[in-house]
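Enquirer: With the sequence up front, the predicted model follows.
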Amino acid sequence: MSELVTARIRATAARLELPHLAANLAGHLARADAAQMGYLEFLDLVLEEEHAVKEERRIRHALRISKMPHHKTLDDYDFSYQPTLDPRKVKDLASLAFAEAKSNAALLGPPGVGKTHIAVALAVAACRAGYSIYFTTLDDMVRQLKAADAIGRLASKMRAYVRPHVLVLDEVGYQPLARDEANLVFQMISKRYEKGSILLTSNKAFSEWGQVFGDEVLATAILDRLLHHCEVIAINGPSYRLKNRLSAIADSALEADVAAAG
């Protein structure tokens with residue numbers, strides 16, 4: 001292929017926003033020659049690689065703006081450490097039927113059992129499947145909404161939490177809310193009701209949410225909307241964060257015993 005033609009292809013690819021083709025044309029041609037590809041096979045190769053590059057770029061961008069604290073997957077989660085947790089229930093959620101149905105999922109349990117890890121892993125899977133994601137703790141969301149309300153920008157800020165396909169609402173219940181704060185949460189959940197999914201984690205049983213939101217009636221209204229279409233998974237095992245710490249303490253004690261015996 002003449003240099004004039006390759007230069008024209010690169011220029012056209014750049015105009016069509018196909019940067020991978022523009023940058024890797026020579027490599028594509030070399031592979032096509034080596035494999036003696038036909039025209040359709042070569043075209044399929046070029047388009048497939050361009051799509052893969054664009055998709056990976058989309059995923060990186062979506063994960064960056066999602067505000068998730070990490071991008072761990074379910075492969076990183078040690079189900080053997082939580083014997084009361086049925087892996088099949090979590091993997092069913094990973095099918096993302098809940099996101100497709102605009103329903104919710106709740107992960108309940110004491111601190112350290114991996115609720116946030118699972119929530120983030122499900123959100124990462126949803127992101128890769130093309131769903132928009134936003135991660136926030138309940139306390140941070142309330143602070144943001146209160147600050148926006150104080151300057152007359154509540155509606156605009158509320159859209160940031162209503163717009164994503166999946167909102168990850170972490171650490172529900174770690175701090176009790178005042179009634180006006182709980183009302184902001186109620187407004188957000190009402191606006192998302194049957195329009196988008198909420199994936200929440202909480203260290204409180206639903207029976208304790210009246211204390212969390214400072215009002216039994218308001219808590220009931222929030223739960224009514226959350227639980228209407230919701231998969232609930234309880235994790236009641238030991239803390240992952242204490243696992244390594246306790247192991248280190250045990251090792252240190254053993255070393256001390258050995259040294260004393262010597």
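Expert: Here it is on my side, so go on.

Enquirer: And the top helix by length along the chain, what does it pack against?
Expert: If you go by DSSP state H, the chain has its longest helix at helix 39-65. Other helices and strands packing on helix 39-65, by 3 or more Cβ pairs under 8 Å, 6 or more residues apart in numbering; DSSP states H and E, are helix 19-35, helix 115-128. (Each C-beta comes from the backbone N, C-alpha and C, glycine too.)

Enquirer: what's the closest of those to His70?
Expert: helix 115-128 (6.2 Å; Cβ to Cβ).

Enquirer: Show me what the nearest residue to Ala205 once chain neighbours are set aside bridges to in the sheet.
Expert: What sits nearest to Ala205 in space, not counting adjacent residues and going by Cβ to Cβ, 6 or more residues apart in numbering, is Leu108, at 6.7 Å. For Leu108, the beta-bridge partners under DSSP bridges are Ser202, Ala234.

Enquirer: For Leu108, the count of nearby residues, please.
Expert: 20 (other Cβ atoms under 10 Å).

Enquirer: got the residue ranges for the strands in the protein?
Expert: 104-108, 133-137, 166-172, 197-202, 230-234 (DSSP state E).

Enquirer: Just put those strands in TSV and tack on mean pLDDT and distance to Gly114.
Expert: Listed next are the strands of the chain as TSV, based on pLDDT from 0 to 100; distance: least, Cβ to Cβ, whole Å:
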stretch	mean pLDDT	distance to Gly114
strand 104-108	98	9
strand 133-137	97	16
strand 166-172	97	12
strand 197-202	98	10
strand 230-234	96	11
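
Enquirer: Any chance of a markdown table for those, columns distance to Glu41?
Expert: Listed next are the strands of the chain as a markdown table, based on distance: least, Cβ to Cβ, whole Å:
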| stretch | distance to Glu41 |
| --- | --- |
| strand 104-108 | 43 |
| strand 133-137 | 36 |
| strand 166-172 | 38 |
| strand 197-202 | 40 |
| strand 230-234 | 44 |
